[in-house]
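Trainee: this one's sequence-less:
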């Protein structure tokens, strides 16, 4: 075994000693993995978006609050129908995110406000240049900032807890019965991004993701994975050394 391989395996052994010692990680294990990762010139991802690839024990869905419209049943969990009925995106039928009002002259006789989510409209127009309300060219629209402020003030539970309940109760979003409460967050939509960074249901990647392990799960379950997949992790590292 080459000297650099021996050094790397010694570092990995230290990492596992950390795991076995009641899972009290220090910065040292992160340093040793990141160092070898850098040497192999593999770009490390520092993004906040969660993605589940391959093995995942929790089966928690990815959460994105940046573009897509909001799940109506999730919003309705803490809000009355009359509070949100005028916020529905006409394209996806969910609660509009970054709401846009369509104001084409062809629809000026319509009494209702024609609201769509920004991302939904963008995707619709990219596939068809026609207006989503009626088939004509030259769709006209504008952002409704006052409505976005109203949406930002809506009260919600943690979206991860909501999806966990949906999955564990049987997949019925509407009228669901709450399952095990793992995150008790209740707050406003505008506060969600900060909450999701600290949420107990936040997924953690395996320490050996830099070497190809695709496991992602709740942090509380990461220790079991590290212990039960020790040989697999050593094999992954060995492949990168060759």
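Mentor: All right, it came through fine. Bear in mind the structure is a predicted one, so any value in this text is a computation, not a measurement. Numbering: from 1, shown residues only.

Trainee: Can you list the low-confidence ranges for the protein?
Mentor: Flagging of the chain using pLDDT under 70 yields the residue ranges 1-66, 169-181, 241-242.

Trainee: Let's see that with 80 instead.
Mentor: 1-67, 129, 168-181, 217-221, 223, 234, 237-242 (pLDDT under 80).

Trainee: Go ahead and name everything in contact with stretch 85-99.
Mentor: With contact meaning CB atoms under 8 Å, 6 or more residues apart in numbering, stretch 85-99 is reached by 65, 67-72, 75, 84, 113-121, 124, 132-133, 143-144, 147-148, 150-151, 154. (C-beta placed from N, C-alpha, C; glycine too.)

Trainee: Name the residues of that stretch that come out as buried.
Mentor: Buried residues in stretch 85-99, counted by 16 or more other CB atoms under 10 Å: 87-92, 94-99.

Trainee: Check stretch 158-170 too.
Mentor: Applying 16+ other CB under 10 Å to stretch 158-170 flags 158-166 as buried.

Trainee: Do a quick rundown of the strands in the chain.
Mentor: Under the criterion DSSP state E, strands of the chain are mapped to 99-102, 115-117, 141-143, 155-157, 186-188, 203-205, 216-218.

Trainee: Other residues contacting the second one?
Mentor: With CB under 8 Å, 6+ apart as the test, strand 115-117 has contacts from 68-69, 86-92, 94, 96-102, 124, 132, 141, 144, 147.

Trainee: Would you check that residue 196 makes contact with residue 187?
Mentor: No. Judged on CB atoms under 8 Å, residue 196 makes no contact with residue 187 at a distance of 11.0 Å.

Trainee: and those two? which has more neighbours close in?
Mentor: A count of neighbours by other CB atoms under 10 Å puts residue 196 above the other of residue 196 and residue 187, at 19 against 14.

Trainee: per the record, what domains does the chain have?
Mentor: 3-51+205-241, 72-152, 158-198 (automatic domain parsing).

Trainee: what number of residues lie near residue 157?
Mentor: 19.

Trainee: tell me which residues form a beta bridge with it?
Mentor: On the basis of DSSP bridges, residue 157 takes part in beta bridges with residue 186.

Trainee: mind listing the helices for this protein?
Mentor: 3-20, 27-39, 72-76, 81-84, 118-127, 145-152, 159-169, 192-198, 219-228, 230-241 (DSSP state H).

Trainee: quick one: the last one to helix 219-228, angle?
Mentor: An angle of 80 degrees separates the directions of helix 230-241 and helix 219-228 when computed by axes from the mean of the first three to the mean of the last three CA atoms, to 10 degrees.

Trainee: Show me what helix 230-241 is packed up against.
Mentor: Judged by 3 or more CB pairs under 8 Å, 6 or more residues apart in numbering; DSSP states H and E, helix 230-241 is in contact with helix 3-20.

Trainee: No more questions from me, cheers.
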